[in-house]
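Engineer: Return a 3D structure for these sequence lines:
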Amino acid sequence: MKPTDPDAMPAASRFGLLLLLGLASLLPLMPRPASAHAIESTLTYLDGSLQLSSSFSSGEPTKDAVVRLLKADGSPGAELGRLDADGRLQVTLPAELQNGSVELQVDGGPGHRDYLELPVRQGRVQLDQVSEGPHHHRELWPSAGLLGGVALIGSAGWLVKVRRSRQG
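Structural biologist: Residues are numbered from 1 along each chain as shown. Down below sits the predicted model:
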């Protein structure tokens, strides 16, 4: 057999290679840590008003970034406003939000977002319980599972075809 012959490699090795390539194709869908140019946000009450301040990790204000609430499924919700030139915004939460929690997004453009989980009690944000961190894109995981499943089924089908061609 010639080395370029597709049957020169054992079927188990080809299957392993295809499985590895299928799994490697899922890597772009995995959540990644925040980039070096991340946004850092803080909330304070000033004269009874909730104030949001945001800046890039370099210290530069996150001016003109959109601030919005996110829906339970992670999709964009009500826009609360835009940060000013100093990276600040007076935030007014919806009046119907009295108790529970809501996720706030500071959107400075692709790759420049911050997410704050705001626990609310009696219409006031509990600042000592605000959590900040990377937002996990849960909506990508079903796609990753589907892609992995298709890769496995395709690999198995190809392996069956190769075995039949050797037998026949």
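Engineer: Just give the nearest non-adjacent residue to T42, would you?
Structural biologist: S53 (5.1 Å; C-beta to C-beta, 6 or more residues apart in numbering). For every residue, glycine as well, the C-beta is placed using N, CA and C.
Engineer: Let me know the pLDDT of D47.
Structural biologist: The per-residue pLDDT reported for D47 equals 79.
Engineer: Quick check: bridge partners of V125?
Structural biologist: Assessed by DSSP bridges, V125 has beta-bridge partners V120.
Engineer: burial measure for it, as a count.
Structural biologist: 22 (other C-beta atoms under 10 Å).
Engineer: Next: the one 5 residues further on.
Structural biologist: As a burial measure, V130 scores 16 neighbours (other C-beta under 10 Å).
Engineer: If you count neighbours, what's buried in the helix or strand in which the residue nearest to T42 is found?
Structural biologist: If you go by DSSP states H and E, S53 is part of strand 49-56. Across strand 49-56, burial judged by 16 or more other C-beta atoms under 10 Å covers 50, 52-56.
Engineer: Just the residues contacting it, thanks.
Structural biologist: Residues outside strand 49-56 that contact it (C-beta atoms under 8 Å, 6 or more residues apart in numbering): 37-45, 61-62, 65, 67, 83, 86-93, 104, 106, 108, 112, 114, 125.
Engineer: If anything else comes up later, I'll come back, but that's it for now.
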